[in-house]
Structures are given as structure tokens and as C-alpha cells.
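Enquirer: could you look at this predicted model? Sequence included:
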Amino acid sequence: MAERTISWEPRNENEIIGTDVERVDGLEKASGHAKYSTDVNPKGTLHVRLLTCPHAHARIASLDVETAKKVDGVKSVHVFPGREPGLEIHFQGHPIVAVAAETPGQAAEGVSAIEIEYEVLEHLVDEFDLAGAVKTGRAKPLRITEEGSIGQAFAEADAVVSGFYGIPSITHMCLEPHGSHCQWPGDSELLVHLSTQNVSGTPGQFAQPLGVDAANVTVNCEYIGGGFGSKFSADEWGVACAAISKETGRPVRLHLDRATELQIAGGRPSGFANVTIAADENGKITAWDSHHWGTSGPDGGTISQVPYVIVAPNRRVQVTGIVTNTGPARAWRAPNHPQACALTDTAIDDLAAELEMDPLDVFKANLDLTWNPEIYAGEIDVGAELMDWKNLWQPRGEWEEGGELHGLGMAIHTWGGRAGPGNCTVRVNRDGTVETFAGTQDLGTGTKTVIAMTLAETFGVPLSKVKVNIGSSKYPACGGSGGSTTVGGVSGPHRRAALNALWQIFDLVAEKHNVEADSLKATGGKIVSGDETVCTWDEAARLVGPMGLEIQGKGPEDDGLTDQQVGGVQMVHAAVDPETGVVRIVKYVAVQDMGLIINPVGARSQILGSMIMCIAYALSEERIYDEVTGRFINSNLKDYKLPRIGDIGELVVELYQPDSEYQRGVVGLGEPPVISGGAAISNAVANALGVRVPVLPLTPKHVLDAARNA
Amino acid sequence: MSKRSTPSRGGTSFNRRDFLKGSGATVAASAMAAGGVPTTAEAAIAQKQAVAGPTKVTLNVNGEDHEVTVEPRTSLLDVLRYDLNLTGCKDLEDVSVDGADTVIIDGKATYASTVLALQARGKEIRTVESLRDGGQVDEVVSCFVKHDAMQCGYCTPGFVAATRAFLDKNPDASLEEIQQGLGGNICRCGTYDGITRCALELTGKGGA
């Protein structure tokens, strides 16, 4: 007798969940038919170009837009609110005027015609120079925390190591720039195609400044070209786009140009740290003392979570923020964690070198200082086997092969990933098809596919019978896609709604066929009772009546469908060319737990993508400001170095899924695997080179400088 | 991933420099530097007369002729996206180094933003949309889906077009040749592993 409790099927009884399913919108995406906000261009759409501030710190001295209005094709010259003489601007790229015209070229001509003068003020864009920031009053003491007694612990330690580590600011670099297409189908009715990871949360952000009712704003986003944490907001340029559309009575498209995109619409805070760490002769960490600083832009914040995962019993942590004239930070996939890991697990690796121990043994010796020793121990063993760590590992600087220096490095991470808030309406149609409506979005993680799989599994029908409607604020509200909350946030409500619908259908089937409702199961397109087929799914669906059956689902609930908190271990084999300083990833292993895995192929893609993002920020990617001019000098795709297809090496993904993981329920995955790669790559390079390259990215220059200074 | 060392059967090596040479980038730059005076025989033929202001041109896209009105400065990318609603090729709002705007011109993978609409007259232009025509799905498209060689999907159509053009010329390419040949495209989500697997599978089938 099946009981009517909300749960997932036992692991071995699933037909779809846990199998590799191609993403349901894969063909649309791969063939270029998927429409992103940039691709919505109904006839008559006006194009916008922005005038932005070229200075890092300035005051508007004068502004005259009259000549721009006379430029051929220009339909609107929109001055952003408050942009008037006297306004102080704190970073390059700050938008001042939006010009809308019939063609992009005419809009650009309009921008050129604007007359603006600035009073240029003194700037600071150097996020690294703590002493300089203190001298100019740009350093903000944020906090000092202390636990236990570091003085005594350092005095009693067998090894004490001091080091300097750093990870600079990077940007999000969404390939689809921030922006929207806006039109007004009615006088007070606004339709926005917004590139957003927050479909349900953004209508109000348009309504309030525009003075219209949120009920009259529709935000659609069926596809989004990258977000990574930077696209939760309507943003003032989104509101400007809607305002220009209202003013001109025309559809308007406003997306940031690439330089502005990098200057103002993405940024991950930096972290630099002086660390002293101590251990006993067995590698057991006893004390941690650090002072870290960095910037989140004009706010002068920096990062948190130091020390990371392995938390010494005796510790002191001092934090200083630097107020810089750089673009403001936005949440970047796993906020704080990659930086904290790059400042912590590098120090632990240096401690292992000082103790002449294999760092893998030092990490293992300290797992009782983590939140879950068991999960890390299991994952380290799996990773070590995949990497053949115990056979390959050599002490620092001792592995030379084919003219290259080789080394291994590892690091560990954690993330919450609990289910976010979500609602859905699931409809079973009389012809046996199933539909759902949910105001969530698919960042590329495969949200649509996960929902389709959940429904198909629950109703025992093929995926072709399921239609998933997401990406509109007019559907039942769901949380933004951030913090790895989406898969749990949508699978829970859909499982609940589908089970409730199924139980109603079972009651109808039981009555018609004179069987016990609690004995029924939906599987393989049939309703079965024990070994007997009672009817087909389509016959059962016909019993729901002409209007179909509609059931709402919500979440999160405390019913065991979802859980939170994961670990994760990454190991890297890197090779360094001692002549050029070029680092090559030979092999990179990621072992990741994530509770119940709905679509393994999607999970693997998330992890592979994270590993490549780690390679990016570990080896090549950084935001570079020129100290003299205060300008972001690599704010383009040519100079902002991302890896290309030949730069990634062999990537090995291991989905860590003992039965205990399945039983936890669903946990989000987006953030965790993007965290520890930076530290693991840095540790592998230190192992190869025999010396730490202190600051990421490990560019040839940084590598050669470190080798020379050794 | 396994390393294939079989030499290219087609005998045509493909690298990024050739790719850039083949794209319109250099042609466009020299024509503009000379203030519109044609600098090569090819350009002279293409530009028999100086063009100013909006002009009607006919472009052959996906096997059909389309008459569109363009300014001399209008890029092929803008015509495809705004006039023909072929938005598979993307505009990353930057100088072209990213490949999201890749189309196939006379068989060559080309950045559509580096070609002026006027330069594209008389050429055979194929966009990624042509690789899925109703139920007819090109093997590169279905192979990208099979290997989940996409996440957000914004760079994906450009990669698909680049892969199609690359495999047409290099049906039996090695891993190294694939990495060079597809090095003109950027993905931010990190889908290179799936794309590599896809290209390797297709070279195993002679470029399919």
C-alpha cells in the first residue's frame, strides 16, 4: 500500500530522475532559434546608446543635450535622474544620458553631439595598496574578531608559516549584456523583455519609478545570456528604456555596450591577505592570524568567510575595506567563497610544505575543523584515486618532465544551496498532456529540463507529454536564481503539486475501475495496481473532466524533498613552462556532493562550467585599472582574458552520490564547484614551481616574477 | 579525453590566423583606411561606385535573395539581426573577437560584424538557423544537444556555425586542430568540454 506522503521515489524505482536527459530546449538554443532579450526587435524598435562618465571620479560641470536632439534620426534624449551640474560621480561608466534613435549609428551620433564638461577629482583605483589607502583616508577598518588564544597557540606550535595571498577583482562578463526591450501595449501597461535571473522580482522595480501599477508590468525572460549573480535588478538603465518607450510611443531596446557592461554591471570584490598559520608536528592546525583587505568599489567593502571551511580553534581575523573609484560589486557566483578559499587553502598548502608533508594528509588531518568531516574524507579519497595522487605527488619543485615543471594541488569548499521560494500551477489536460506555469527562469542550468523530468517521473509519462512554461512574471511567483536555490526551489513545488494531482486522479481511477486507490502507481504511461494494468495514463487523464485538473504547488517545505549544505573537493595537476611562465592544466578533478541528482548530465555541465570559470580566474582573468587615468583598461573581450577551447586540459567530474546523498533530497549545485579551483590551481603551481605565486591570476609575468624572487 | 593524432585527411590545416584573414576584418579595415578608395582588385569590383546614404542591396542568405536598405556603415550582422530577424548570430557589443556572430560566407566561418552589408553582395551567406530547417536537423546541432555543449546558450549558435564550417573543411581533424580551429569563439559559462567532445565525435564520423 502506497502511503500518501510527499517524498521522492526510492532511488531504484525512478524511470527518469537520475538518468541523463538532453535539455528540453537544446535544439532551440543550438540552432539559434531561442530568443533572448537582445533578439526581440519588432519593427519600429529604437536603438539606444549611452553617454557615460569617462572619469573614475569627477563632478559634472556642465551638461547641454540640445544639439543631440537635432541629430538626424534621434527620437529621444533621456537624461538620467539627478545628472546635473554639481553631481559627484564615483566610477567610470556611470550612465549620464541615453540617446534613442532609428539606428544604432544615429544614436551614437546623438551621443557625440552632447556637450558635457567635468571637474576631474582625485581618484583611487588600486585595490592592492593598503598602505596607500590608509595614507589617503580610503581604508575602512571593518572588524577584528578573536577566538581562543592565538598567542599561546603560536608559542606552542611545531610549525608557524606566514604568507601573503591575493585574488583581484574580476567581472561577470555575461555575453548577453545587461538590458531590455520595452514597449507599452497600452497607456499604462508595460511589457519588458529583460535579461534577468529574477523574473518574478523585477516588475515592481519598474513600476515604482515609472509610477505605474506593478500589476500592469509584465517581465518576460525565456532565455538569458549569462547572469552569474549580476542580473537581479531592473537597473536604472532598464527603467530609462521603459521611460523612453513611453515618451516616444515606440518599442525601445537598450543593452549596455561591452565596456560599460564591464565597468558598471559586474564585479567580484577582491581580497588580499597577510596570513600566519600554525600547526603541530602532525599537521594539525592550531592557530590562524590574518589581516585581509580588498574592495567592492565605492562602498569600500571586501570579502568575508576567512578562514574558510577549516576553522582553527585559536584565531584572529582583521578586515579592512578600501574605498575605490571602481565599478560597484555585484553578487558573483558563490559570493565571498572563491576568494576566501584562495586565501585559506593556499596558506594550508604552504603550511604542509613547511612541515614537509603531503598537503592531502594535512587537509585530512584537519577535517574535524570542518562542518562535515565525513563528506570531505570520502570525497578526498575518491579524488585522490581519480588523480592517482599518492603515486604522482612529489615534494615541491621535484617533478620535472619534458622540460616542464609539474605539480599537484587541492582545495575544499562548501555551500548552502537550500531551496528558494517557489510556486507553480500544474495542469493535467484531458488528453493526457501536462503543463506547468512558474515564474522562474533558466540561467543555463537546465531549470526547464529539471521541471519536465520531475513532472514526467511523477505522472509516469514520457517527457514529450510535458510542457514547461517559465520566464514570465505573470506565472506563479518564484524566487530569483541565485545562491544555488533554483533546482530545489522548482523541483519541490512541482513534485508536491504533481503528487497531489496524481492522488486525485488515483481516486477517480479507483472509483471507475473498482480498485483500491492506495494500491495505484503511475508508471510507463500506465496506472498499475501491483502487477496489473488498470488503465492507460491517457484513459486516466480523461476522467479529470473538460477543464482539466489544476493544482498549485509551493515551497520550500520541510517535508524532505530538499536539503542544504554541500562539501566538495577539487584537485589539479598543472605544468609550468619555466622559460615562459605559462601554466598548463594537465588534469583537473572535481568531486561534488549535491544530494539527490535529478539530471546527471546537467549536473556535470554545471561542474565542468565551474571548473572552466576557475581556470579563468586562476590563470588569466582580472579587472585592470590604470592608476594614472583611473580607467578600466581591459574592459573589452580582447584584453579581458578568458580561456579558449584549447586552454582547459582534461576535466574529470565525479558526482559523489552514495545512497545517503539521495536520501537527503535535492540541494543546489550552481555555486559550490566554482569555489576551490582557484586555490587548487595555485597550490598545484606552487608544488610545481617550488615557490608560491602569491596573487592570482597566475599569468606568465606573475609566475616568472615569483620564480625569480625565490 | 582521448588524443587523436591522425593527420588531417583533407590536408587543409586550419588556424586562427587564417580564420581572421578569411573574415572580413582585414578587408574592411583597409577599405576604410583608404577613405573608401578600393585598395584591392576584389574590393574595386565590389565597389564600382562610391556609396553614400541609404542604399538598396540584395543579399543571398540561406539560399534566398533578400532586398534590404542599408547605410554604408551597416554591418552584415545588423542586417541579419534587425532586418531579417536572424538573431542566432549575436552582437556582444564589442570589437569582434568572440565569435558569437559567426556566420558561414562562401563556406568560411566569418564574424558577421566584421563584414559590411555592402561587402556581402554576391556572396553565399549561411546562418546557424539554416542548420535546423523544420524537422531537418544538421548533425552538428543535434550533437551539441547530445553532449550538452551549452548552458546559457548565447555563444552556442556561433560555436555551432563555426563547428559546421570547420568540419566541412577539416572532416578528420585532430584534437589539436579542433582546439585551434574553434579558438575564435568564446564561451563564458564553460561549455568547451562538451563542444570538444561533440567535434571529436563528428570527426570520428568524417565530419558528418
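Expert: Now that the structure is in, tell me what you want to look at. Numbers count the residues shown, from 1 in each chain, chains lettered A, B, ... in the order given.
Enquirer: CA only for contacts and neighbour counts going forward, please
Expert: Fine.
Enquirer: ok, residue B:182 touching residue B:163?
Expert: Yes - Residue B:182 is in contact with residue B:163 according to CA atoms under 8 Å; the separation is 6.8 Å.
Enquirer: residues contacting residue A:142?
Expert: Contact partners of residue A:142, counting by CA atoms under 8 Å, 6 or more residues apart in numbering or on different chains, are A:318, A:319, A:320, A:321.
Enquirer: and the helix or strand hosting residue A:239, how far out from the chain's middle?
Expert: Per DSSP states H and E: residue A:239 is located in helix A:235-248. Between the centre of helix A:235-248 and the centre of its chain there are 27 Å (CA atoms, centre = their mean, to the nearest Å).
Enquirer: give me the helices and strands touching that helix, please.
Expert: Contacts defined by 3 or more CA pairs under 8 Å, 6 or more residues apart in numbering or on different chains; DSSP states H and E place helix A:235-248 against strand A:74-79, strand A:95-101, strand A:179-186, strand A:189-194, helix A:203-210, strand A:252-255.
Enquirer: show me which positions of that helix end up buried.
Expert: A:235, A:236, A:237, A:238, A:239, A:240, A:241, A:242, A:243, A:244, A:245, A:246 (16 or more other CA atoms under 10 Å in any protein chain shown).
Enquirer: turn these into a markdown table, including distance to residue A:98 and pLDDT.
Expert: Below are the buried residues of helix A:235-248 laid out as a markdown table (distance: CA to CA, whole Å; pLDDT from 0 to 100):
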| residue | distance to residue A:98 | pLDDT |
| --- | --- | --- |
| A:235 | 14 | 98 |
| A:236 | 11 | 98 |
| A:237 | 8 | 98 |
| A:238 | 11 | 98 |
| A:239 | 11 | 98 |
| A:240 | 8 | 98 |
| A:241 | 8 | 98 |
| A:242 | 12 | 98 |
| A:243 | 11 | 98 |
| A:244 | 9 | 98 |
| A:245 | 12 | 98 |
| A:246 | 14 | 98 |
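Enquirer: can you tell me the element residue A:62 falls in?
Expert: strand A:58-64.
Enquirer: over to residue A:590?
Expert: With DSSP H and E as criterion, residue A:590 is part of strand A:583-593.
Enquirer: for residue A:487, same thing?
Expert: helix A:486-513.
Enquirer: off-centre distance for that helix?
Expert: Taking CA atoms, centre = their mean, one finds the center of helix A:486-513 at 31 Å from the center of the full chain.
Enquirer: just name whatever secondary elements it is in contact with.
Expert: If contacts are counted by 3+ CA pairs under 8 Å, 6+ apart, helix A:486-513 sits against strand A:422-428, helix A:447-459, helix A:537-542, strand A:549-555.
Enquirer: just the endpoints, please. Distance across stretch A:457-469?
Expert: 18 Å (CA to CA, to the nearest Å).
Enquirer: which positions within that stretch qualify as buried?
Expert: A:457, A:458, A:459, A:460, A:461, A:462, A:463, A:466, A:467, A:468, A:469.
Enquirer: for stretch A:544-563, same thing?
Expert: Quick answer for stretch A:544-563 (16+ other CA under 10 Å): A:544, A:548-556, A:561-563.
Enquirer: ok, and what's touching that stretch?
Expert: Contacts of stretch A:544-563 (CA under 8 Å, 6+ apart): A:6-8, A:417-430, A:488-489, A:492-498, A:500-501, A:505, A:508, A:595, A:664-667.
Enquirer: could you flag which of the residues you listed are buried?
Expert: Buried among the contacts of stretch A:544-563 by 16+ other CA under 10 Å: A:7-8, A:417-430, A:488-489, A:492-498, A:500-501, A:505, A:508, A:595, A:664-667.
Enquirer: what is the orientation angle of the helix or strand hosting residue A:116 with strand A:95-101?
Expert: In this structure, residue A:116 sits in strand A:115-120 according to DSSP H and E. For strand A:115-120 against strand A:95-101, the angle by axes from the mean of the first three to the mean of the last three CA atoms, to 10 degrees is 160 degrees.
Enquirer: strand A:115-120 packs against which elements?
Expert: strand A:58-64.
Enquirer: report all helices and strands that whichever helix or strand comes after the strand it packs on contacts.
Expert: As assigned by DSSP H and E, the chain's next helix or strand after strand A:58-64 is helix A:66-69. If contacts are counted by 3+ CA pairs under 8 Å, 6+ apart, helix A:66-69 sits against strand A:74-79, helix A:104-113.
Enquirer: hmm, try it at 6 Å
Expert: Counting contacts by 3 or more CA pairs under 6 Å, 6 or more residues apart in numbering or on different chains; DSSP states H and E, helix A:66-69 is packed against helix A:104-113.
Enquirer: neighbouring contacts of the helix it packs on?
Expert: Helix A:104-113 is contacted by residues A:47, A:48, A:49, A:51, A:67, A:68, A:71, A:73, A:99, A:100, A:101 when judged by CA atoms under 6 Å, 6 or more residues apart in numbering or on different chains.
Enquirer: who does residue B:104 bridge with?
Expert: Judged by DSSP bridges, the bridge partners of residue B:104 are residue B:109, residue B:126.
Enquirer: what's the domain layout of the chain?
Expert: By default, I'm working from chain A. According to automatic domain parsing, chain A comprises the domains A:11-34+A:419-555, A:38-121+A:178-255, A:271-417+A:564-709.
Enquirer: correction: the question concerned chain B.
Expert: B:16-129, B:132-204.
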